[in-house]
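[1] 3D, please:
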Amino acid sequence: MADLFETGADTAKAATGPRPLADRLRPKTLSEVIGQEQVLGPDAPLGTMLAAGTLGSLIFWGPPGVGKTTIARLLADETDLHFVQISAIFTGVPDLRKVFDAAKHRRANGQGTLLFVDEIHRFNKAQQDGFLPHMEDGTILLVGATTENPSFELNAAVLSRSQVLVLERLDLADLERLAQRAEKELDRALPLTGPAREALLEMADGDGRALLNLVEQVMSWSAPDKLDIDALRTRLMKRAANYDKSGDGHYNLISALHKSVRGSDPDAALYWFARMLEGGEDPRFLGRRLTRMAVEDIGLADPQAQAVCLQSWETYERLGSPEGELALAQAVIYLALAPKSNAAYVAYKAARKSAKATGSVPPPKHILNAPTSMMKEQGYGKGYAYDHDAEDGFSGQDYFPETLERTAFYAPVERGFERDLKKRVEYFAKLRSKR
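    This is a model prediction of the structure:
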């Protein structure tokens with residue numbers, strides 16, 4: 001287990017064989033880090049902390065390949081802290097004890113420890129709690145890295161003692177700078193045409209480490225002439241999109257799809273729908289969520305929307321992939337262009353809130369059935385007006401509990417079919433006021 005805990009010195013000693021390009025180009029100082037100006041700039045959080053000499057525990061949240069490990073290692077160099085790196089995937093409680101004991105020994109000898117924990121969200125609550133006393137007494141300065149939303153995955157106690165810094169995927173300009181740095185290191189230009197070079201950067205999908213791996217592959221080819229896009233794509237497979245069906249990518253993209261539908265943008269909605277399919281999302285999940293959008297955001301403004309979703313979902317079940325996805329795509333377009341109303345949704349929530357607040361208040365006696373003579377003696381059903389016998393088929397009676405004032409939960413909008421429902425609501429309200 002001795003090799004589980006990696007330090008900068010240990011890595012340098014171990015690097016006796018050929019080193020991958022990504023390792024050779026690892027920045028030596030924070031100023032060499034490409035991208036992440038929102039974190040590393042002079043007025044950004046880390047820049048401010050380092051200038052003040054008050055570095056605290058941190059959580060780096062961001063996608064793979066954006067520099068989380070590198071920045072943590074360089075922070076240790078900048079602050080003269082001993083760097084220790086562990087992965088939550090391979091580290092158990094006994095291993096953590098060894099790390100903490102070694103850090104205590106170092107602290108007794110006058111040196112602090114920066115403990116970098118990769119995939120920190122994979123530690124359970126008890127393991128995360130184990131960091132707290134060592135963070136509080138200064139034994140370690142914790143720097144955690146996670147690709148998942150810390151507010152969902154990390155304990156509140158750990159978050160309260162740390163600052164969360166968001167690291168962003170590298171944009172094309174950042175990736176181009178990284179590619180140029182690789183060409184300088186290899187003393188050779190990429191054998192690609194301009195468009196093929198752009199395609200290579202896009203294949204990396206914002207991941208610097210992935211780009212350097214791609215560059216290393218391209219540089220290993222024997223290509224007498226520059227390769228065009230077709231030749232590049234023939235030799236290289238596009239990197240799979242960063243999408244975890246149970247993680248942040250899943251929830252971010254379904255949120256984007258839902259809001260695009262709500263915003264009546266069929267093109268954006270189709271894009272996010274396609275992104276989820278490309279990421280491997282289960283079309284059945286999308287069928288379920290589309291139906292929810294129809295109920296929540298369209299409602300009675302277009303009652304047909306719900307039926308379209310159910311039919312498309314059923315069509316997918318009968319056809320399967322890939323033909324069945326087209327039915328779901330049609331539902332996406334229908335929902336985006338349908339008139340929108342959440343009036344029924346708002347009314348439902350208001351009614352539930354009122355029902356919860358009023359508890360066990362009984363219905364008024366005049367609308368209760370009286371199958372026995374005793375119930376009739378108690379007044380059950382007395383005074384009930386049969387609506388079909390009333391003028392216009394409407395009695396105007398009050399059906400709320402006797403102790404509860406009449407409440408208007410449903411307020412239809414002036415859109416779609418709810419425009420007609422609004423007229424009906426107003427019509428019955430007018431009749432009710434007369435009777």
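[2] Tell me the bridge partners for residue 115.
    Per DSSP bridges, the residues bridged to residue 115 are residue 84, residue 142.
[3] residues in contact with it?
    Contact analysis of residue 115 by CB atoms under 8 Å, 6 or more residues apart in numbering lists 84, 86, 99, 103, 140, 141, 142, 143. Backbone N, C-alpha and C define where each C-beta goes, glycine included.
[4] Out of these, who's the most crowded?
    residue 143 (29 neighbours; other CB atoms under 10 Å).
[5] could the contacts of residue 115 go into TSV alongside distance to residue 73 and pLDDT?
    Formatted as TSV, the contacts of residue 115 follow (distance: CB to CB, whole Å; pLDDT from 0 to 100):
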residue	distance to residue 73	pLDDT
84	10	96
86	13	94
99	16	94
103	17	95
140	15	94
141	13	95
142	14	95
143	9	96
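[6] Return the closest of the residues you listed with respect to residue 357.
    Distance to residue 357 across those (CB to CB) is lowest for residue 142, with 44.9 Å.
[7] Any chance of the contacts of residue 115 in a markdown table with distance to residue 193 as columns?
    Shown next, in a markdown table, are those (distance: CB to CB, whole Å):
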| residue | distance to residue 193 |
| --- | --- |
| 84 | 45 |
| 86 | 44 |
| 99 | 50 |
| 103 | 52 |
| 140 | 50 |
| 141 | 47 |
| 142 | 47 |
| 143 | 41 |
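[8] Show me which of these is closest to residue 69.
    residue 143 (9.5 Å).
[9] Contact partners for the closest one?
    Contact partners of residue 143, counting by CB under 8 Å, 6+ apart, are 57, 58, 59, 60, 72, 75, 114, 115, 116, 117.
[10] and if you look at residue 116?
    Residue 116 makes contacts with 69, 72, 73, 76, 83, 84, 85, 86, 143, 144, 145, as judged by CB under 8 Å, 6+ apart.
[11] For burial, what's the neighbour tally of the nearest residue to the last one once chain neighbours are set aside?
    Taking CB to CB, 6 or more residues apart in numbering, and ignoring the residues beside it in sequence, residue 145 has residue 68 as its nearest neighbour in space, at 4.1 Å. Applying other CB under 10 Å, we find 24 residues neighbouring residue 68.
[12] My read is that residue 68 contacts residue 60, right?
    Yes - counting by CB atoms under 8 Å, residue 60 is a contact partner of residue 68 at 4.3 Å.
[13] Please enumerate the shared neighbours of the two.
    Common neighbours of residue 68 and residue 60, using CB under 8 Å, 6+ apart, are 145, 167.
[14] Looking at neighbours, which among the contacts of residue 143 is most surrounded?
    Result: residue 115 is most packed of the contacts of residue 143 (other CB under 10 Å), 29 neighbours.
[15] any idea how far it lies from residue 141?
    7 Å (CB to CB, to the nearest Å).
[16] How about residue 78?
    From residue 78 over to residue 141 the distance is 12 Å, taken as CB to CB.
[17] So what touches the helix or strand that contains residue 431?
    Applying DSSP states H and E as the criterion places residue 431 in helix 418-434. Around helix 418-434, the neighbours that count as contacts under CB under 8 Å, 6+ apart are 299-301, 339, 341, 343, 392, 394, 396, 410, 412-414.
[18] what about the closest residue to residue 392 other than its chain neighbours, how many neighbours?
    Leaving out its chain neighbours, the residue that sits closest to residue 392 by CB to CB, 6+ apart is residue 431, at 6.5 Å. Neighbourhood size, residue 431 [other CB under 10 Å]: 15.
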